[in-house]
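Trainee: quick one, what's the 3D model for this:
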Amino acid sequence: MGDSAATANTVTVSILDKEYRVACSEDERAELQASARLLHERMSRIRSSGSVIGLERIAVMAALNIAHELIQAKAELTRVPLEQEMLDRLQDKVQSALGNIEEHET
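Mentor: Predicted coordinates for the structure are as follows:
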């Protein structure tokens, strides 16, 4: 996880009753633990559904679901500036139209 081996510590995380040791810097520790909890929850949900058997397959399904959510979130973030730009242009047009109306009234 971390960029520098010199500043990396080993953190143990538990996912589906298995422990994994991961090297990460101290400032990434909380994010790593949160990521492990998220993965554990997703894998537990998939395992309890009974539709997927085998730890590796469960892990792949969880990873695919999380990757899909990430792609959707990134797409949403790129839509927001575009929508804001459209709203700004619309607001400019409304202001211009209101300005034209005020000029004709005076």
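Trainee: so where's the longest helix in this protein?
Mentor: If each helix of the chain is counted by residues according to DSSP state H, the longest one is helix 55-105.
Trainee: what is that helix packed up against?
Mentor: When contacts are defined as 3 or more Cβ pairs under 8 Å, 6 or more residues apart in numbering; DSSP states H and E, helix 55-105 packs onto helix 29-49. (Glycine included, C-beta is placed from N, CA and C.)
Trainee: where in this protein is the helix or strand with the lowest mean pLDDT?
Mentor: Among the helical and strand segments of the chain, the one scoring lowest on mean pLDDT, DSSP states H and E is helix 55-105, with a mean of 85.
Trainee: give me the angle between that one and helix 29-49.
Mentor: Between helix 55-105 and helix 29-49, the angle comes out at 110 degrees (axes from the mean of the first three to the mean of the last three Cα atoms, to 10 degrees).
Trainee: how near is residue 68 to residue 75?
Mentor: Using Cβ to Cβ, to the nearest Å, we find residue 68 at a distance of 11 Å from residue 75.
Trainee: err, residue 22, not the other one
Mentor: Distance of residue 22 to residue 75, computed by Cβ to Cβ: 29 Å.
Trainee: again, but for residue 33
Mentor: Distance check for residue 33 against residue 75: by Cβ to Cβ, it reads 28 Å.
Trainee: of these two, who's got more company?
Mentor: residue 33 (16 against 9; other Cβ atoms under 10 Å).
Trainee: can you pull the contacts of that one?
Mentor: By Cβ atoms under 8 Å, 6 or more residues apart in numbering, the contact list for residue 33 reads 11, 13.
Trainee: how much space separates the residue nearest the centre of the chain from residue 35?
Mentor: Nearest residue to the geometric centre of the chain (Cα atoms, centre = their mean): residue 70, 4.6 Å. Distance from residue 70 to residue 35, counting by Cβ to Cβ: 12 Å.
Trainee: quickly list what's touching both of the two.
Mentor: Listed as contacting both residue 70 and residue 35 by Cβ under 8 Å, 6+ apart is no residue at all.
Trainee: fine, thanks again, bye for now.
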